[in-house]
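>>> Model the structure of this input:
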Amino acid sequence: MLAARKDLKGLKGFCLVTLRDKRQLVEASPEFVSEFAGRTYTFCSSEAKAAFDAEPQAYVPAKAGCDVIAAADGKLGLEGSLDFAVWYKGRLYLFASEESRERFAEGPSRFATRE
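From the prediction side, this is the model:
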């Protein structure tokens, strides 16, 4: 499923709420859209959108989906991808490369964020 979207970054068109709550990749629909902190998120249903709108901080990936390892190296705003994602303490982290994900895994508490 992810391989078919290898050219896309970020959430690759999947519903963030279903990913977090059910750990399933479900196609989002442009019919259900919310904005939060300058980013646009799409969802698979009105229920998923409502869940996000009620508590967006619980759903948004760490650092708004940017690679926290790259940020630590001074490369701010480098968008991560589900291709290199990991859950840590209930939070989704997206990385721009396998190397970043591996470096995070070596000491996640050093890079974990509340943003």
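>>> Just name whatever secondary elements the lowest-mean-pLDDT helix or strand in the chain is in contact with.
Ranking every helix and strand in the chain by mean pLDDT, DSSP states H and E puts helix 108-111 at the bottom, with a mean of 91. The contact analysis (3 or more Cβ pairs under 8 Å, 6 or more residues apart in numbering; DSSP states H and E) places helix 108-111 against helix 68-72. For glycine as for every other residue, the C-beta is placed from the backbone atoms N, C-alpha and C.
>>> Please spell out which residues along the helix it packs on are buried.
68-71 (16 or more other Cβ atoms under 10 Å).
>>> same check, this time on stretch 91-106
Within stretch 91-106, judged by 16+ other Cβ under 10 Å, the buried ones are 91-97, 100-101, 103-104.
>>> then that stretch to PDB, C-alphas only?
C-alpha atoms of stretch 91-106 as PDB (Å, rounded to 0.1, in the frame of the first residue of the first chain):
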ATOM      1  CA  ARG A  91       3.100   9.700  19.200                       C
ATOM      2  CA  LEU A  92       3.700   9.300  15.500                       C
ATOM      3  CA  TYR A  93       7.200  10.300  14.200                       C
ATOM      4  CA  LEU A  94       7.800  10.700  10.500                       C
ATOM      5  CA  PHE A  95      11.400  10.600   9.100                       C
ATOM      6  CA  ALA A  96      12.800  11.600   5.800                       C
ATOM      7  CA  SER A  97      15.100   8.600   5.600                       C
ATOM      8  CA  GLU A  98      15.800   5.200   7.100                       C
ATOM      9  CA  GLU A  99      19.000   6.700   8.500                       C
ATOM     10  CA  SER A 100      17.000   9.200  10.500                       C
ATOM     11  CA  ARG A 101      14.600   6.600  11.800                       C
ATOM     12  CA  GLU A 102      17.600   4.400  12.900                       C
ATOM     13  CA  ARG A 103      19.300   7.300  14.600                       C
ATOM     14  CA  PHE A 104      16.000   8.100  16.500                       C
ATOM     15  CA  ALA A 105      15.700   4.400  17.600                       C
ATOM     16  CA  GLU A 106      19.200   4.600  19.100                       C
END
